[in-house]
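Asks: dropping the sequence and predicted coords here.
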Amino acid sequence: MNTGTHALTLHEDRLFPVDAVQRAIARRLYANVAKLPIVSPHGHTDPAWFAENKPFANATELLLVPDHYVFRMLYSQGVSLDALGIPHQDGSRAAVDPREAWRLFARNFHWFRGTPSSMWLNHVFHDVFGLRVRLDATTADLYYDHINDALQRAEFLPRALFERFNIELIATTESPLDALQHHAAIRQSGWQGRVITAYRPDPVVDPEHEQFPSALQRFGELTGEDVYTWNGYLWAHRQRRAFFAQAGATSTDHGHPTAATADLSRAEASKLFDKVVRGQATAEDAELFRAQVLTEMAAMSLDDGLVMQIHPGCFRNHNRELFKQFGRDKGADIPLRTEYVNALKPLLDRFGNEPNFKLILFTLDESTYSRELAPLAGHYPALFLGPAWWFHDAPEGMWRFREWTLSSAGFYNTVGFNDDTRAFLSIPARHDVARRVDCAFLAKLVAEHRLDEDEAMELAVDLAYNLPKKAYKL
Amino acid sequence: MNTGTHALTLHEDRLFPVDAVQRAIARRLYANVAKLPIVSPHGHTDPAWFAENKPFANATELLLVPDHYVFRMLYSQGVSLDALGIPHQDGSRAAVDPREAWRLFARNFHWFRGTPSSMWLNHVFHDVFGLRVRLDATTADLYYDHINDALQRAEFLPRALFERFNIELIATTESPLDALQHHAAIRQSGWQGRVITAYRPDPVVDPEHEQFPSALQRFGELTGEDVYTWNGYLWAHRQRRAFFAQAGATSTDHGHPTAATADLSRAEASKLFDKVVRGQATAEDAELFRAQVLTEMAAMSLDDGLVMQIHPGCFRNHNRELFKQFGRDKGADIPLRTEYVNALKPLLDRFGNEPNFKLILFTLDESTYSRELAPLAGHYPALFLGPAWWFHDAPEGMWRFREWTLSSAGFYNTVGFNDDTRAFLSIPARHDVARRVDCAFLAKLVAEHRLDEDEAMELAVDLAYNLPKKAYKL
Amino acid sequence: MNTGTHALTLHEDRLFPVDAVQRAIARRLYANVAKLPIVSPHGHTDPAWFAENKPFANATELLLVPDHYVFRMLYSQGVSLDALGIPHQDGSRAAVDPREAWRLFARNFHWFRGTPSSMWLNHVFHDVFGLRVRLDATTADLYYDHINDALQRAEFLPRALFERFNIELIATTESPLDALQHHAAIRQSGWQGRVITAYRPDPVVDPEHEQFPSALQRFGELTGEDVYTWNGYLWAHRQRRAFFAQAGATSTDHGHPTAATADLSRAEASKLFDKVVRGQATAEDAELFRAQVLTEMAAMSLDDGLVMQIHPGCFRNHNRELFKQFGRDKGADIPLRTEYVNALKPLLDRFGNEPNFKLILFTLDESTYSRELAPLAGHYPALFLGPAWWFHDAPEGMWRFREWTLSSAGFYNTVGFNDDTRAFLSIPARHDVARRVDCAFLAKLVAEHRLDEDEAMELAVDLAYNLPKKAYKL
């Protein structure tokens, strides 16, 4: 399919409008934001990287194995996860030469044409590793050797990359059961890189999570609270939230199947919790419980000031056999139609008008942008819209996010970009894409005489830098 | 944020495609429609303005207080409605200097960047008031004084503006309980401006409306019918519809939470109505009752020729506390996912093929444009599509409306533009935006050789002027 | 409305981006695919045309009467189906002069402005019939006579057109009850045109189909199986599938109201089938039965290699009166909101990871492209996405399909174009539109530096030619 070696370029005008007038405006706007520090308030990098600062193993381990965007596409075309060396649920791994896995990937890299993964990867290849030929079957080994060599050098250690990427701050995401030792180690190391955590309590909030019983037990042990009573359970959350806040956290994050919230009386909530801890909760009970906990988390946010994030609407682990063999996060999560207007009302009735509460909403259901999310965020003081997320973080998705939310929510009820990634090397590429798309979008408004260029200039900086800092209290 | 004074301009090519070829076509199309009279068949201006022809009070009362697009955005960023002087439910008002409210607005006008409100307001500032500097903190007083001065002059009285705006006809919306005295006064005054009403019976149709019991009683008093029987209730509607038609109405309008229609037998309907008037209707009964009334309204339209409009899919007064304190229409209405295919079947089974019946459908759920509404309107002779509505009346929303309905419904199953506004001064701006977007859309089709320019020219005039007149029988 | 005679042109750059840079790229890409043979793996042409090779009757019979895209638009504007000579359910027809029907169509051809029908028809007028004036009231007779004259000539016989259109292969669609005698006749005739069938078992699968009881009986007679037992019923399917495969079929096609699948035990399925054949199935039973049959069909596909297609989400025969009088397929089918993630899970849990199973999914609900379909196809090896279908086969719909599926599914989990038409003469026009839109889309990616031009060139050929051949095993 790809037989020759082709030049790999990263055009300075990529993602800008093709029309010369708009492109010129986009260039001017981008020039002002291109070099701004990266603020990454929501993501999934491993804090151990920055605590231990050890070299990454090899190209395959660094770029293929952790990136479900990449291996899901390969899998969809018939490549087995074993052939890529993806670890099984039980920790075992098929005996596969990482170089062979890399070749398999390289040979089929054309399957990614036009996808965000190809953009991010090419950016990494070009800018991080200095490669100047396209990846394909003929260049697989060249890439593999070149990347592996680089990874052994000091300037490719995690902290060096962090600094080279001009990251002002990065947030990771941890379970309440996490001791946050890596974050402590980073702070104690004297290194100036700012790596904070975020409180993600799903395993102790979702009765349908396979680890819920053991997680709940550990939650009690860690906090000394009687987490089998509703009251003790809530105090355990308060304790861990405080511990996370001390470690720098400014936000919580909640990944629920729906956006349902509830506002039960204390007696009702307590009764429901009893069913949950006795393992007697039906699917409906579990949904109601998650809904109630969201409202409790909002109440705690009013007290401790942590910004609340809801990431709803995903059917996790949709592929039964794959889940059995390989476990979670293997590219088999599928978005669901999601309802917000009725779902959020109980929480909003209590806290939607609070000036000191911030709730950042995300969606995997773009049909809600203009119909539900923008009207809600364009009204409630507490609500803000998170950026285009996950399946929608390609240029087209980012563009639709702006087009569909602008009219009712404006720009200032949004919070700038989240890279939301565990693919550390792709972070500059992702922020660069977001900045380019926003500048392209603003350039269109200027060229259509809907915005003056000085206003667009201010907006470009706000979207790239000021809004995330403000929204996440950074 | 905005410290200097910047020029306020209204570019002659605003909203046109940036590409030179398309822009040139758009200009030619627009030149032909720019000066056409405004036909405004659906809106919410106050007929008292035209009956009494008194000066508007001041900039704040004219431009902020009645415009929920404006104050909802301010509210979403933490400005209290009291600080803007918005009246409470009980008629009281926080003691606020309107100049201070105006300054608060001016200082935060950047929150509106890119929104339709900023376009409409800037159009009003520039064209109606002749302002030539941008609104910001430094120009707030200049604006306030300049606008207030103007409002005292004869050429800013409502009738003078009506004429200056080149309005051929405007429809207001009234409840069946309205005596239509302002419309009578206008007709008797000898003034030539054409201001008609539209029949909007929601308060006597929706058992869940907080005024339903009192409205029903008044409905009986006004008509002399026994409105506590199904038969008398229907006759009361017929009477008031005839009264509205005599006052110039050519349409009815129905704002329901869903698009549900029903076709009950007379006995079933009568039994349901008994539950409703006894206050025993469940939420499901209320929904069925509204559904049945829509079908009855369609039957009456066949008799009296009034065009029927359905505006479904809004969760009204979503913000509990705000509703308690400030009442309805305070920017807390949120769109809901809306289903049409099953919902409309009972009504369409009876009247969908009637050549003398016209039903204009609107939606706040854009996902229905291509899936449901365009296929329905592209088949049923009785059905027409209303334009992009409310949260979707920005250029992006109008463009999506055309892109998503064109293929199945064409242009001729749509009805031109509705401004649907209570912001009188913004009417020329709104129609101008709609005409520009339609010309831009047509220019794209011409430039892509999908339409000849003479066809686009004819279409531009049809969309701006002929279709609304035909659809609303004006 | 159209009083003069205007030139009819088919611009060589139609549907290409207007911007000169993008247009130049699109031209280069298109030059490479414009002349590729047409592969039409899914459609509804009549195999009798190619078996008998008789002349088409006249313009009205050829272009109006069989094309529900055309007569639904006329109907929506108040033209009766009788005035067009559309046959009734009972086979009778209003006495209408086909020339008068043609004039009625011609006079109102402006209603089609901007729709795909107008593009396809103008392409047919221009390229197939060599007409050079636009169709309108003044040219109706000229068109009618010119087309009728042409149809009498040898080069307008079905086989001659098939060859002139450069069709490499066309698939028709038949019921399991069909004897496939036309396909046999074509093979025996020595003519080289490749016309294959596809297995569409809806009448023996859908208990709510009005012909289900009689179809089931005939299914048993044809196969000699006891189709009133679950086991015999399944064997009857296997037999007919094998018969279809022998006649060249490479695929099955399933048009269901929803995408529901089920995976019942043999005992449960057998019990459900008993209710169905006794006519005791509720609506819910019927839905479950259709769902179970889909999974059985998938199981059979694993055995016999037929590619499976699911076309869900249509409310058939929505117009009650029209259905009574005129029967099925009269332009009154309306898309429904459609759910895939839960619906397909039972089938995917069994066969989603099978390397030798291919399931091609279609939708009439565009909101599922980015949310459900692209993520599913971008993960499951067995799943592929069919192109923008039916109400979405206009340039805008095709563009949205690419924009909304690219990020998660890429290009290589899609299967190229389906014309899905019974309008034989429009086939080159439809494929040409699809190729142009894909080239335009690719040109944008190249111009935005997201793809190199050599990659786009390869993709253009893959989308137009290689992917359909591979996906449908042709």
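Replies: Nice, thanks for sending it over.
Asks: report the central residue of chain A.
Replies: Residue closest to the average C-alpha location in chain A (CA atoms, centre = their mean): A:D420, at 1.8 Å.
Asks: secondary structure class for it?
Replies: coil (DSSP: H, G, I helix; E, B strand; the rest coil).
Asks: is it correct that it is in contact with A:A388?
Replies: No. Applying CB atoms under 8 Å, one finds A:D420 not in contact with A:A388, separated by 10.1 Å. (Each C-beta comes from the backbone N, C-alpha and C, glycine too.)
Asks: how about the residues of the stretch 251-400 of chain A by chain B?
Replies: A:339, A:341-342, A:345, A:348-349, A:352-353, A:355, A:367, A:370-372, A:374-381, A:383 (CB under 8 Å from any CB of the partner chain).
Asks: tell me the buried residues within those.
Replies: Applying 16 or more other CB atoms under 10 Å in any protein chain shown to these, the neighbour count classes A:339, A:341-342, A:345, A:348-349, A:352-353, A:367, A:370-372, A:374-381, A:383 as buried.
Asks: which among the residues of the stretch 251-400 of chain A next to chain B are in contact with chain C?
Replies: A:S367.
Asks: in strands, which of the residues of the stretch 251-400 of chain A next to chain B fall?
Replies: A:L383 (DSSP state E).
Asks: narrow the residues of the stretch 251-400 of chain A next to chain B to those in helices?
Replies: A:K345, A:L348, A:D349, A:A374, A:P375, A:L376, A:A377 (DSSP state H).
Asks: could those go into a markdown table alongside pLDDT and distance to A:A281?
Replies: Below are those laid out as a markdown table (pLDDT from 0 to 100; distance: CB to CB, whole Å):
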| residue | pLDDT | distance to A:A281 |
| --- | --- | --- |
| A:K345 | 98 | 23 |
| A:L348 | 98 | 25 |
| A:D349 | 98 | 25 |
| A:A374 | 98 | 34 |
| A:P375 | 98 | 33 |
| A:L376 | 98 | 29 |
| A:A377 | 98 | 32 |
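Asks: how about A:F112, what does it touch?
Replies: For A:F112, the contacting residues are A:V70, A:M73, A:S118, A:L121, C:G410, by CB atoms under 8 Å, 6 or more residues apart in numbering or on different chains.
Asks: filter those down to the buried ones, PyMOL style.
Replies: Selection of buried members from the contacts of A:F112 for PyMOL, criterion 16+ other CB under 10 Å:
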select buried, (chain A and resi 70+73+118+121) or (chain C and resi 410)
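Asks: report the two of the contacts of A:F112 separated the most.
Replies: A:L121 and C:G410 (13.3 Å; CB to CB).
Asks: assign the closest residue to A:E287 other than its chain neighbours to helix, strand or coil.
Replies: In space, and not counting its chain neighbours, A:E287 is closest to A:A260: 6.0 Å by CB to CB, 6 or more residues apart in numbering or on different chains. Following three-state DSSP, the label given to A:A260 is coil.
Asks: neighbours of A:A260, how many?
Replies: A count of nearby residues for A:A260, using other CB atoms under 10 Å in any protein chain shown, gives 21.
Asks: state the distance from A:A260 to A:Q246.
Replies: Using CB to CB, to the nearest Å, A:A260 is found at 31 Å from A:Q246.
Asks: next up, the contacts around the residue nearest to A:G327 when sequence neighbours are not counted.
Replies: Distances taken as CB to CB, 6+ apart put A:Q89 closest to A:G327, at 3.7 Å, once the chain neighbours are dropped. Shown in contact with A:Q89 (CB under 8 Å, 6+ apart): A:F323, A:K324, A:Q325, A:F326, A:G327.
Asks: so which of the residues you listed are in helices?
Replies: Residues of these located in helices (DSSP H): A:F323, A:K324, A:Q325, A:F326.
Asks: and the second one, what does it touch?
Replies: Think A:K324. A:Q89 are the contacts of A:K324 under CB under 8 Å, 6+ apart.
Asks: so what's it scoring on pLDDT?
Replies: At A:K324, the model reports a pLDDT of 96.
Asks: around chain C, which positions in the stretch 101-250 of chain A sit nearby?
Replies: A:H110, A:W111, A:F112, A:R113, A:G114, A:T115, A:P116, A:M119, A:R134.
Asks: what about the closest residue to the second one other than its chain neighbours, neighbour count?
Replies: Looking back up the chat, that one is A:W111. What sits nearest to A:W111 in space, not counting adjacent residues and going by CB to CB, 6+ apart, is C:Y412, at 4.8 Å. A count of nearby residues for C:Y412, using other CB under 10 Å, gives 23.
Asks: now swap in A:G91 and tell me
Replies: A:G91: 7 neighbours (other CB under 10 Å).
Asks: surely A:P207 is in contact with A:E287?
Replies: No. The criterion here is CB under 8 Å, and A:P207 misses it with A:E287 at 9.3 Å.
Asks: helix/strand/coil for the residue nearest to A:W111?
Replies: coil.
Asks: ok so, going back, which of the contacts of A:Q89 are buried? Put it as a ChimeraX command.
Replies: Applying 16+ other CB under 10 Å to the contacts of A:Q89, the buried members can be selected in ChimeraX as follows:
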select /A:323,325,326,327
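Asks: in JSON lines, list the contacts of A:Q89 along with distance to C:Q309.
Replies: Output for the contacts of A:Q89, formatted as JSON lines (distance: CB to CB, whole Å):
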{"residue": "A:F323", "distance to C:Q309": "27"}
{"residue": "A:K324", "distance to C:Q309": "29"}
{"residue": "A:Q325", "distance to C:Q309": "29"}
{"residue": "A:F326", "distance to C:Q309": "30"}
{"residue": "A:G327", "distance to C:Q309": "33"}
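Asks: tell me the pLDDT of the residue nearest to the centre of chain A.
Replies: Confidence score, pLDDT, at A:D420: 96.
Asks: residues contacting it?
Replies: Counting by CB under 8 Å, 6+ apart, A:D420 has contacts A:H42, A:G43, A:H44, A:W389, A:W390, A:D393.
Asks: also A:H392?
Replies: With CB under 8 Å, 6+ apart, A:H392 has these contacts: A:L364, A:E366, A:M398, A:R400, A:F401, C:S370, C:S407.
Asks: so which of the ones in helices among the contacts of A:Q89 is the closest to C:T173?
Replies: Nearest member of those to C:T173, counting by CB to CB, is A:F323, at 36.9 Å.
Asks: right, and that closest one touches A:K330 too?
Replies: Yes. A:F323 is within contact range of A:K330, at 7.5 Å (criterion: CB under 8 Å).
Asks: what touches both of these two?
Replies: Joint contacts of A:F323 and A:K330 (CB under 8 Å, 6+ apart) are A:N317.
Asks: confirm A:D285 sits in a helix?
Replies: Yes. A:D285 sits within a helix when classified using three-state DSSP.
Asks: so chain A: which segments form each domain?
Replies: Per the record, chain A has its domains at A:55-156, A:159-471, by automatic domain parsing.
Asks: need the winner for burial among these.
Replies: Highest mean neighbour count of the domains of chain A: domain A:159-471, a mean of 21 (counted as mean count of other CB atoms under 10 Å in any protein chain shown).
Asks: any idea how far apart the tips of that one sit?
Replies: Chord length of domain A:159-471, first to last residue, is 26 Å (CA to CA, to the nearest Å).
Asks: stretch A:384-395 too?
Replies: 21 Å.
Asks: what distance separates the start and the end of stretch A:440-453?
Replies: 12 Å.
Asks: what does that stretch rub up against?
Replies: With CB under 8 Å, 6+ apart, stretch A:440-453 has contacts from A:15-17, A:19, A:21-23, A:25-26, A:28-29, A:399, A:402-403, A:456, A:459-460, B:6, B:9, B:11, B:13-16, B:18, B:113-114, B:119, B:134, B:395.
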